[in-house]
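A.B. asks: Sequence and computational prediction follow.
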Amino acid sequence: MRKRLFRLLILAVLALTLLPAAAIAAPPVQEGGTVYTIQKDDWLSKLADKEYGDPLAYPAIVYYNNLKAAEDSAFTKIEDPEFIEVGWTVYMPTAEEATAFLAGEVTGALTFGIVMVGPFNDHGWSEAHYTAGQYVETNVPGARMIWLDKLNVGDRPETTLEQVVDDMVAQGAQFILTTSDDFQTDTDTVAAKYPDVPFLMISGDHAWTGVAPPNVANYMGRMEYGKMIAGCAAALKTETGVMGYLGPLINDETRRLANSVYLGARYCYENYRGGNPDDLQFIVQWIGFWFNIPGVTLDPTEVANDIFNAGADVILSGIDTTEAIVVAGQRAEQGETVWAIPYDYEGACAEAPDICLGVPYFNWGPAYVNYVQKVQAGTFEQEWIWAGPDWTDINNRDTTAVGFIKGDGMTAEEAVQLDAFIAGLADGSINLFVGPLNYQDGSVYLADGEVATDEQVWYTKQLLEGMTGPSE
Amino acid sequence: MLQRLSNLTLGLVPVVLALLFTTVILIIVGAPPGEAYRNILQGALESPDKWASVVTAMVPLLLCSAGLLVTFAAGLWNIGVEGQIVAGALLATWLALNLTLPPILFIPLLLVAGLIGGALWGLLAGLLRVYGGVHEIFGGVGLNFIAIVLTNYLIFGPWKPADGATMSGTDPFPPAAWLPRLGDLPVYPTAVVLALAAVALMYFALRGTTWGLKLKAIGKNQRSAFLMGIPTSRYMLGAFLVCGALAGLAGSIQAIGVRQRLIPGVSGGYGFLALLVVLLAGYRPLWVIPIALFFAAVGVGSPRLELSMQLDSALGGTLEGIIVLFVLLAQGVKRKA
């Protein structure tokens, strides 16, 4: 809340300084379009409705205005379509321009479709993709997002991915992003149906294994790092020595991430707390899907409570939604000393900031911008990308693929230790995927001194020795 | 003539009222209603792909409706139709995952498996009703639940994919088990023919056979039908069997056609929707076809509401539900009048 006020204040000051400038440098009349000064109670869709009779035409204003703003400082660049300020000077395109833009006839204009598995405002996985789509809209002139969320058998039992993509292509989408592991098989089928449309399938490996048609690329962030940092934060905090991981379904990816948390926790418990890492209890409980589907999955709220009842004082979320931190917040309010580390979305700590130790999150924006520009330039090609953080600043929103924001629950001293751990990961002095490491059943995962290859990390077959919970 | 007219108004008035009601809802949430209806229509009908999807969505509706016509004729509320869809899909899946056959044998076998699976599940509801004294509504709800739990168990247990269980279902079936499409379009000619044949068959069976007549007699008054010498138990079990078989066929088609694998929500809610279709049709077989078309079109077109208007696509379902409510209301009013 304070952050938002601060941002508002800065923007207001900026707007005020722009006011006289705009008045003096009366902008030259543009060919056809109009120059407009934002009034009280204006918002972009309202202006679009007034000007073009279509509230959904607002991206045309953003596009043409930002083109003008790039060459003429009298105009204010619209960074976020939902945020404009009184006094800004914006350029409104002609009705013809707006129509042409919306029809996708403008050179450089590109409509991309994002398909999400959960609600776009889940404060988790899906919202991270949604905000990345908005980031593309503001950073790539001419890019326009269309989206459909909640594509899963619980919410839309009648709807197939193919239907959604049919719809998006009919709406002018030239690039489709399917943002769940759940869509992998169907993406292959649909991409084969639309061989001229590039597809970016998030978190999959079919472009790597050669199963996917040539117009499919895979992209994923190296969340292992975010999770190791999360595990470290948990180990710095725990008093009971018991921590719980609220897991989604069980596959290579989710085992890989649970293991990363555990490795991070062991390292920090030993090196910063001086404890014996074998004393750490690490409970993994899977609910059966990425989020709660009543009657189908286990209820994550109940499972989170189970984890605390088993003695854990830190819960780490591996699911798309916020139940872990919500439950922790409730228990903290009743006087328990418990902590939570949510997942996926940079704003996830907001559910219960005081007991939040931090959040490992995906920052899909830069990658999406990169791919949209590639599609525009016609240079999109099949690839499998597993992108790490920007180690110079893991929270740089314009460069990093994954990040970790420390929560208010960390003390200053703990934060220093966590930063040291992050620095160690960054310079390579700390690598936790080094043997000897055993799987849960005692079989060898990495031999003594063996450094895991990408393949060994990606395809994690079991939880690690010492963790409690099912591997499959 | 007057009677005809009043029947027609009886059908039309509730639909108009429902549209008005939905329009008011749209205005309240601040969405232009014309735009919303246009989007649904466009989303359902703008391209051959969309037409194909609508026809494909009609298939399970028609099959289940055809089956429900039979159970309704016998005066039975076969709520268990959802579970019967699932049971058909389960049996088909079991074979599809474990057999290797050429498509020419495989696909008919899987369709028959659907028929059998659904029929057995339907029979179960019938046995509970006839011999167990469990009303078919409660038996149906229970069996639906068991079918869903069983599906989830199988998907997360014995039938889980090699790289981990997920809600997105089993591994895809081998291509030999896929119901063929019409070229690239998401429509399955075999399924369409079967669905239309099912409706036609029930139309004639209920209208022109003694079997149909006796079912209707049971539906009107079970006791007097029994006293007239109709073996009511056998006929009621038969009705469950037929309805279950058709629903199971729909399930098999969903699995080997639309999804090409078993997914947790394989019934897609089509069973419940078919109940509404038949109610709205007033149990008249020929009306089932246009109404199923309407429901399918609304279902396929609704996601467009979100895509271009950011309206919740549940609005489509709301519209359907409201229409049915108003129709039932109109019938109730007529009966009272």
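C.D. replies: On my side now, so go ahead.

A.B. asks: quick check, residue A:404 in a strand?
C.D. replies: Yes. Looking at residue A:404 with DSSP: H, G, I helix; E, B strand; the rest coil, it is inside a strand.

A.B. asks: hang on, isn't it packed against residue A:362?
C.D. replies: No. With contact defined as Cβ atoms under 8 Å, residue A:404 does not count as touching residue A:362 (11.1 Å). (Each C-beta comes from the backbone N, C-alpha and C, glycine too.)

A.B. asks: Quick one: residues contacting the residue positioned nearest the centre of chain A.
C.D. replies: Geometric centre of chain A, nearest residue: residue A:128, 3.1 Å, by Cα atoms, centre = their mean. By Cβ atoms under 8 Å, 6 or more residues apart in numbering or on different chains, the residues touching residue A:128 are A:344, A:345, A:346, A:361, A:362, A:363, A:364.

A.B. asks: Against residue A:344, how distant is it?
C.D. replies: 5 Å (Cβ to Cβ, to the nearest Å).

A.B. asks: Mutual contacts of those two, please.
C.D. replies: A:361, A:362.

A.B. asks: Check the residue of chain A found nearest chain B and give its pLDDT.
C.D. replies: Across chain A, no residue is closer to chain B than residue A:251, which sits at 3.1 Å (Cβ to the nearest Cβ). pLDDT, the model's per-residue confidence, is 88 for residue A:251.

A.B. asks: ok, now residue A:267?
C.D. replies: pLDDT, residue A:267: 96.

A.B. asks: Could I get the contacting residues of the residue nearest to it when sequence neighbours are not counted?
C.D. replies: Excluding its sequence neighbours, the residue lying closest to residue A:267 (Cβ to Cβ, 6 or more residues apart in numbering or on different chains) is residue A:432, at 5.8 Å. Contact partners of residue A:432, counting by Cβ under 8 Å, 6+ apart, are A:228, A:260, A:263, A:264, A:266, A:267.

A.B. asks: cool, and residue A:47?
C.D. replies: Neighbours of residue A:47 in contact, by Cβ under 8 Å, 6+ apart: A:36, A:58, A:61, A:92.

A.B. asks: Neighbour-wise, give me the winner out of these.
C.D. replies: Neighbour counts for the contacts of residue A:47, by other Cβ atoms under 10 Å in any protein chain shown, peak at residue A:61, which reaches 27 neighbours.

A.B. asks: isn't there a strand covering that one?
C.D. replies: No. Under three-state DSSP, residue A:61 falls outside any strand and is assigned helix.

A.B. asks: doesn't residue A:90 make contact with it?
C.D. replies: Yes. With contact defined as Cβ under 8 Å, residue A:61 counts as touching residue A:90 (6.7 Å).

A.B. asks: any residues in contact with both of those two?
C.D. replies: In contact with both residue A:61 and residue A:90: residue A:78, using Cβ under 8 Å, 6+ apart.

A.B. asks: The residue of chain A closest to chain B: how many residues sit nearby?
C.D. replies: Counted with other Cβ under 10 Å, residue A:251 comes out at 19.

A.B. asks: mind listing the helices for the stretch 201-337 of chain B?
C.D. replies: B:210-220, B:222-227, B:232-253, B:270-280, B:285-301, B:303-309, B:314-336 (DSSP state H, counting those that start in this stretch).

A.B. asks: phi, psi of the residue lying closest to residue B:178 once chain neighbours are set aside?
C.D. replies: Leaving aside its sequence neighbours, residue B:178 sits nearest to residue B:260 (Cβ to Cβ, 6+ apart; 5.5 Å). For residue B:260, the backbone dihedrals (degrees, to the nearest 10) come out as phi 60, psi 20.

A.B. asks: gap between residue B:259 and residue A:263?
C.D. replies: Distance, residue B:259 to residue A:263, using Cβ to Cβ: 38 Å.

A.B. asks: With residue A:202 instead?
C.D. replies: 24 Å.

A.B. asks: More neighbours: these two, which one.
C.D. replies: Ranked by neighbour count (other Cβ under 10 Å), residue A:202 and residue A:263 place residue A:202 first, with 27 against 22.

A.B. asks: That one against residue A:125, yeah?
C.D. replies: No. In this structure, residue A:202 is not within contact of residue A:125 by Cβ under 8 Å, at 9.5 Å.

A.B. asks: Now for the residue nearest to residue B:185 when sequence neighbours are not counted: which residues touch it?
C.D. replies: Once flanking residues are discounted, residue B:185 sits nearest to residue B:52: 4.0 Å by Cβ to Cβ, 6+ apart. By Cβ under 8 Å, 6+ apart, the contact set of residue B:52 is B:182, B:185, B:186, B:187.

A.B. asks: circling back: so for residue A:202 and residue A:125, which residues contact both of them?
C.D. replies: A:179, A:180.

A.B. asks: Ignoring the adjacent residues along the chain, who's closest to residue B:73?
C.D. replies: residue B:215 (4.6 Å).

A.B. asks: who are the neighbours in contact with that neighbour?
C.D. replies: B:70, B:73, B:74, B:206, B:235, B:239.

A.B. asks: number of nearby residues for the second one?
C.D. replies: Summarising burial for residue B:73: neighbours were counted as other Cβ under 10 Å, giving 24.

A.B. asks: what do you get for the fourth one?
C.D. replies: Residue B:206 has 21 neighbours, counted by other Cβ under 10 Å.

A.B. asks: Would you mind listing the residues in contact with residue B:229?
C.D. replies: Contacts of residue B:229 (Cβ under 8 Å, 6+ apart): none.

A.B. asks: Residue B:218 versus that one, what's the distance?
C.D. replies: 12 Å.

A.B. asks: And residue B:38, by the same measure?
C.D. replies: 46 Å.

A.B. asks: Can you pick out the residue with more neighbours from these two?
C.D. replies: residue B:218 (25 against 15).

A.B. asks: Return the residues of chain B in contact with chain A.
C.D. replies: B:43, B:46-47, B:49-50, B:53, B:57, B:148, B:152, B:156, B:163-169, B:172, B:184, B:186, B:258-261, B:263-265, B:267-270, B:299-300, B:303-304, B:306-309, B:313 (Cβ under 8 Å from any Cβ of the partner chain).
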